[in-house]
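Student: Pasting the sequence and the predicted model now:
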Amino acid sequence: MPLKAEPAGNDGQQTGQRLYRLAKTRIPGGTQLLSKRPEMLLPEQWPSYYSRASGAEVWDLDGNRYIDMSYNGLGSCILGAADPDVDEAVRGAIAAGSMSTLN
């Protein structure tokens, strides 16, 4: 697994990096949370956006796979992303009714 994803696109930048630069022109800091800014981790190497996540793995918008080893809860939680048991419990709770005005 590469430590740095191969660049994509005509300008040699990953899709997520291009989108993040665009977001910074419209959202102060490019994100609503200081801790989520790519500059805080590995700028130009760690993906700004993900297409999916499973366990301790994340995929960027260009399909490159990374192992999420972030710290302090910035990355995957103890169960990892998309844990099947948690997902099933959430689906069950939603199916039981996610909103009610009854007291």
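Tutor: Sure thing, it's come through.

Student: Over to Ser54: give its phi and psi.
Tutor: Summarising the backbone geometry of Ser54 under the convention degrees, to the nearest 10, its torsions are phi -150, psi 130.

Student: I meant to write Tyr66 there.
Tutor: Dihedral angles phi and psi of Tyr66 (degrees, to the nearest 10) take the values phi -130, psi 150.

Student: That one reaches Ser51, doesn't it?
Tutor: No. Judged on Cβ atoms under 8 Å, Tyr66 makes no contact with Ser51 at a distance of 11.4 Å. From N, CA and C alone the C-beta is placed, and that goes for glycine too.

Student: Looking at those two, which one has more neighbours?
Tutor: Counted by other Cβ atoms under 10 Å, Tyr66 and Ser51 do not tie: Tyr66 has more neighbours, with 21 against 14.

Student: can you list residues touching both of Tyr66 and Ser51?
Tutor: Shared contacts of Tyr66 and Ser51 (Cβ atoms under 8 Å, 6 or more residues apart in numbering): 59-60.

Student: Who is the one residue sitting closest to the centre of the chain paired with across the strands?
Tutor: Among the residues of the chain, Tyr50 comes closest to the average C-alpha position under Cα atoms, centre = their mean, at 4.2 Å. Partner residues in beta bridges with Tyr50: Asp60, with DSSP bridges as the criterion.

Student: Just list the residues touching it, thanks.
Tutor: Tyr50 touches 16, 58-61, counting by Cβ under 8 Å, 6+ apart.

Student: out of those residues, who's nearest Gly92?
Tutor: For the contacts of Tyr50, the residue nearest Gly92 by Cβ to Cβ is Val58; the value is 25.8 Å.

Student: which secondary structure elements does the helix or strand hosting the closest one contact?
Tutor: Per DSSP states H and E: Val58 is located in strand 57-60. Using 3 or more Cβ pairs under 8 Å, 6 or more residues apart in numbering; DSSP states H and E, the elements in contact with strand 57-60 are strand 50-54, strand 65-67.
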